[in-house]
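Participant: Okay, here's the prediction I keep looking at, along with the sequence it came from:
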Amino acid sequence: MFENLSDKLDAVFRKLKGHGKLTEKNIEEGLKEVRLALLEADVHYRVAKQFIAAVRERALGQEVLASLTPGQQVIKIVNDALTQLMGSRHEGLNLSGAGPAAIMLVGLQGSGKTTTAGKLAVFLRNKGRKPFLVPADVYRPAAIDQLQKLGAQLDVPVFASSVAMDPVAICREAKTTAHLQGCDALLLDTAGRLHIDDALMDELSRIKHEANPSDILLVADAMTGQDAVNIAKSFDERLDIGGVILTKMDGDARGGAALSIKSITGKPIKFIGVGEKLNQLEPFHPDRLASSILGMGDVLTLIEKAQDAIDEKKAAELERKIKKSQFTLEDFRDQMVQIRKMGSLGDIIKMIPGMGKLKQMKNLDVDETEFVRIEAIINSMTPRERRQHMIINGSRRKRIARGSGTRIQDVNRLLKNYTQMLKMLKKINKGGMRGMPQGMLPF
């Protein structure tokens, strides 16, 4: 989403670094280009103006003009200002209060509230909570069915509402039902409209009064840009929202909403939707996004994804096998599966500091289907073949290719890559693995 902004900011910083010593004129020229880049990214004009003023005040100070590395100092100032612009730190859900905590999801029709309710249920369950889904949208066709199907898919209880019921009554009765079922977090999926009207707001106000939610989250489509900011402002004025969830942050919009909402509304972005899958909802960290925009990567999110996806016991067992040169095709397949749990390889690469600035990585098109093909090939082997790849002769390769629906060339390429990896692991073993962090693998 921020690729264009990142490229333009990078170009500005390269120019500044080209000057051995920065002057006020150099900095002012750079700031004009930064302001233009922000406006082109659909950042609110008032937010862009305030941002530039904040950067100018520090950039024209002695910490930059007298610095031995003025270009780097400007980058640090811009990074700090971007972080401050988006809220400085992550703000989590408010789950306080007696009884089951109610989280009220509001927003326009089509913003992704129902899917987000399912994603939040996954997030809360992973945090040890017991979520309860509440379909309170009785107007949109199939809204109730959609949430019931999500609940069945996730094995999360769903309140048995119907289109004949009053939304306020649904939320009231759901709170009692959740308490009886031992659930501690209600997710109220309320109705939206194609536009904001008094009838919608009145209903939401009555639900708020009846359910007494601990948090009210506006679900907004990041692809709508400045409209998302205006929508957030309107909902906040009527409901006093606790924060925002931006959906479709994996899209190709310019990203102005993410950079403007906090400054305009004073309310934080709490989560971002980064894909269609139900596990693709991430807590919003302003500092990490700022670093990512400036091409510095996002190591903390990468580490968190690895911790969630990688089994520590399996990692320790794998390290033992590598040390003893017992790394088999089964281990290769299992590691590939764990890496895929972390998300797309393209997204993982972007989180590594510096990788986003490499020209060859700009338009990198990672063929995710290759992972599926490799897994199919290894699964078509017998247990003995997976443990002893040397016995895979010509006839076995034909059988494996036929069984996996691939070509013999694909099988040959996999075996070649695997044997090259074994050679690399042997070299690492000769040098010792003392320099590697616990649980980390050399691929």
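Facilitator: Right, received. Where do you want to start?

Participant: okay, CA-based contacts and neighbour counts for the rest of this
Facilitator: Will do.

Participant: any low-confidence regions in the stretch 201-350 of the chain?
Facilitator: Across the stretch 201-350 of the chain, the ranges flagged by pLDDT under 70 are 251-255, 295-316, 318-319, 322, 340-350.

Participant: all strands for it, in order.
Facilitator: Here the stretch 201-350 of the chain has its strands, by DSSP state E, counting those that start in this stretch, at 215-221, 243-247, 269-273, 281-283.

Participant: Of those, which is nearest S260?
Facilitator: For S260, the closest of the strands of the stretch 201-350 of the chain is strand 269-273, at 10.2 Å, according to CA to CA.

Participant: What pairs with that closest one, parallel or antiparallel?
Facilitator: strand 243-247 (parallel), strand 281-283 (antiparallel) (DSSP bridges).

Participant: Measure how it sits relative to strand 215-221, angle-wise.
Facilitator: Computed with axes from the mean of the first three to the mean of the last three CA atoms, to 10 degrees, the direction of strand 269-273 lies at 40 degrees from that of strand 215-221.

Participant: What are the buried residues along strand 269-273?
Facilitator: I269, K270, F271, I272, G273 (16 or more other CA atoms under 10 Å).

Participant: Pipe the residues you listed into CSV and attach distance to S96 per row.
Facilitator: Shown next, in CSV, are these (distance: CA to CA, whole Å):
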residue, distance to S96
I269, 19
K270, 16
F271, 18
I272, 22
G273, 24
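
Participant: what comes into contact with stretch 82-102?
Facilitator: 51, 103, 175, 178-179, 183-188, 211-215, 258-263, 268-270, 283-287, 289-290 (CA atoms under 8 Å, 6 or more residues apart in numbering).

Participant: Export it to CSV, keeping only CA atoms.
Facilitator: Output in CSV follows, covering the C-alpha atoms of stretch 82-102 (Å, rounded to 0.1, in the frame of the first residue of the first chain):
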residue,chain,number,x,y,z
LEU,A,82,5.6,9.5,11.2
THR,A,83,5.4,7.4,14.3
GLN,A,84,4.0,10.3,16.3
LEU,A,85,1.6,11.1,13.5
MET,A,86,0.0,7.6,13.7
GLY,A,87,-0.2,7.5,17.5
SER,A,88,3.3,6.7,18.9
ARG,A,89,2.4,3.3,20.3
HIS,A,90,0.0,0.3,19.9
GLU,A,91,-3.3,0.7,21.7
GLY,A,92,-5.0,-2.6,22.4
LEU,A,93,-8.6,-3.6,22.9
ASN,A,94,-10.4,-2.3,26.0
LEU,A,95,-11.8,-5.4,27.7
SER,A,96,-12.5,-3.9,31.1
GLY,A,97,-15.7,-4.0,33.1
ALA,A,98,-17.8,-6.6,34.9
GLY,A,99,-19.2,-9.7,33.1
PRO,A,100,-18.5,-10.4,29.4
ALA,A,101,-16.7,-7.5,27.7
ALA,A,102,-18.7,-6.3,24.7
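
Participant: quick one, which of the strands of the stretch 201-350 of the chain is nearest to M424?
Facilitator: strand 281-283 (35.1 Å).
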